[in-house]
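Engineer: sharing a model that was predicted from the sequence below.
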Amino acid sequence: MTEVAFSIEKTRFDVTYQPLEGTRLTTNFANLARGENRQQNLRKALAMIDDRCNELASQEDAGGDRYRVELDIVSVNIELQAEEGAASFPVIEMLQTTVVDTQQGERFEGIVGNNFSSYVRDYDFSIRLPECSRNGSALPEDFGELHGNLFKGLLASDTYATHFSKLPVICISVSTSRTYHRTGYEHPVLGVEYQQDEFSLTDQYFGKMGMRVRYFMPPKSAAPLAFYFLGDLLEDYTNLELIATISTMETFQKIYRPEIYNANTPAGDAYQPSLKHSDFSATGIVYDRDERARLGAEQGRFVQENLIIPHGKTLEQWSARYSDYHHQLQGMTS
């Protein structure tokens with residue numbers, strides 16, 4: 001009988017942060033914390049997050065410096081107990097925000113999720129997907145299923161319930177292969193809502209994790225962000241929680257995709273993102289996009305060699321049983 005358990009470690013993301021052993025080096029926050037410009041990168045990125053948080057919360061803070069956002073890296077390992085022996089493997093990294101009210105001396109727990117990093121996703125997109133492209137074959141029906149079930153298993157675990165009170169929200173860039181159209185709905189914090197012309201592969205992949213998606217362009221933003229969630233995005237989270245997520249993830253996207261998120265002209269009624277857009281402002285924060293692509297392939301092979309090959313059958317059996325079992329996410333907003 002195969003048993004899969006989860007363990008969680010938290011690491012503060014601040015100007016002193018250095019990636020731990022086992023951290024995916026393509027992860028947004030890890031990429032910033034490497035090289036000779038690491039401290040300058042971190043200091044500027046964290047200042048951008050705080051500035052954006054206060055800008056979005058300006059109705060409550062006329063001075064513009066009331067709030068500060070603290071970030072913790074949430075590292076998730078799976079602990080396998082199987083016939084071939086025990087094993088521990090890093091699978092997921094997310095961020096948790098905490099909002100500090102410097103005027104009132106209060107701290108507010110924010111949303112977990114935000115950034116989403118996964119070794120198994122590296123394997124799916126850097127190993128399995130290219131293999132299908134080379135062979136001219138369609139994606140198999142089980143593409144993303146193991147990854148999705150690992151994520152669902154985490155949310156249903158006692159470990160998750162011990163650490164977090166609400167379900168996660170993942171906030172990432174919109175797809176450059178899709179066109180987005182503005183709707184008539186506008187949220188005071190999330191901003192103007194957009195809808196895509198059709199689901200992207202990423203949307204479908206997050207769907208295997210049980211997550212739905214909505215697209216919003218926050219006030220004074222240049223482009224919509226994709227928000228993946230499980231419950232009710234508009235009702236389950238406070239405005240301050242959403243502000244912390246937007247501030248964090250929009251800052252990362254301005255650094256990594258300035259052509260889209262630091263464009264000088266905001267998205268119009270119909271919008272197709274492009275990394276070839278030339279009218280944008282640089283943040284001055286160093287980021288090597290080519291290195292990230294190369295490391296993604298290396299990390300995909302790492303998963304293949306250290307998890308999929310030695311433990312693939314065991315995980316497949318666990319995943320099949322898990323797919324047939326209805327897990328109630330107890331003690332959380334849904």
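Structural biologist: Sure, I can see it. Numbering: from 1, shown residues only.

Engineer: can you give me the strands for the stretch 151-300 of the chain?
Structural biologist: 169-173, 180-187, 191-196, 212-217, 225-229, 270-271 (DSSP state E, counting those that start in this stretch).

Engineer: need the ones you listed in TSV (columns: mean pLDDT and distance to residue 301).
Structural biologist: Heads up, the C-betas are built off the backbone N, CA and C, glycines and all. Putting the strands of the stretch 151-300 of the chain into TSV (pLDDT from 0 to 100; distance: least, CB to CB, whole Å) gives the following:
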stretch	mean pLDDT	distance to residue 301
strand 169-173	96	24
strand 180-187	96	34
strand 191-196	96	32
strand 212-217	97	29
strand 225-229	98	27
strand 270-271	97	36
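
Engineer: would TSV of those with distance to residue 312 and mean neighbour count be doable?
Structural biologist: Below are the strands of the stretch 151-300 of the chain laid out as TSV (distance: least, CB to CB, whole Å; neighbours: other CB atoms under 10 Å):
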stretch	distance to residue 312	mean neighbour count
strand 169-173	25	22
strand 180-187	37	15
strand 191-196	33	19
strand 212-217	29	20
strand 225-229	26	23
strand 270-271	40	16
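
Engineer: out of those, which is closest to residue 247?
Structural biologist: Across the strands of the stretch 151-300 of the chain, residue 247 has its closest neighbour in strand 169-173 (10.3 Å, CB to CB).

Engineer: now the angle from the closest one to strand 225-229?
Structural biologist: For strand 169-173 against strand 225-229, the angle by axes from the mean of the first three to the mean of the last three CA atoms, to 10 degrees is 150 degrees.

Engineer: report the distance from strand 169-173 to the chain centre.
Structural biologist: Chain-centre distance of strand 169-173: 5 Å, with CA atoms, centre = their mean, to the nearest Å.

Engineer: and for it, what are the contacting residues?
Structural biologist: Strand 169-173 has contacts (CB atoms under 8 Å, 6 or more residues apart in numbering) with 94, 111, 113-116, 202, 206, 211, 225-229, 233, 237, 245-246, 248-249, 253, 256-257, 260-261, 273.

Engineer: now do it and strand 212-217, the angle between them.
Structural biologist: 50 degrees.

Engineer: partner strands of strand 169-173 and their direction?
Structural biologist: Paired strands of strand 169-173, with direction, are strand 106-118 (parallel), strand 225-229 (antiparallel) (DSSP bridges).

Engineer: since that was my last question, I'll sign off now.
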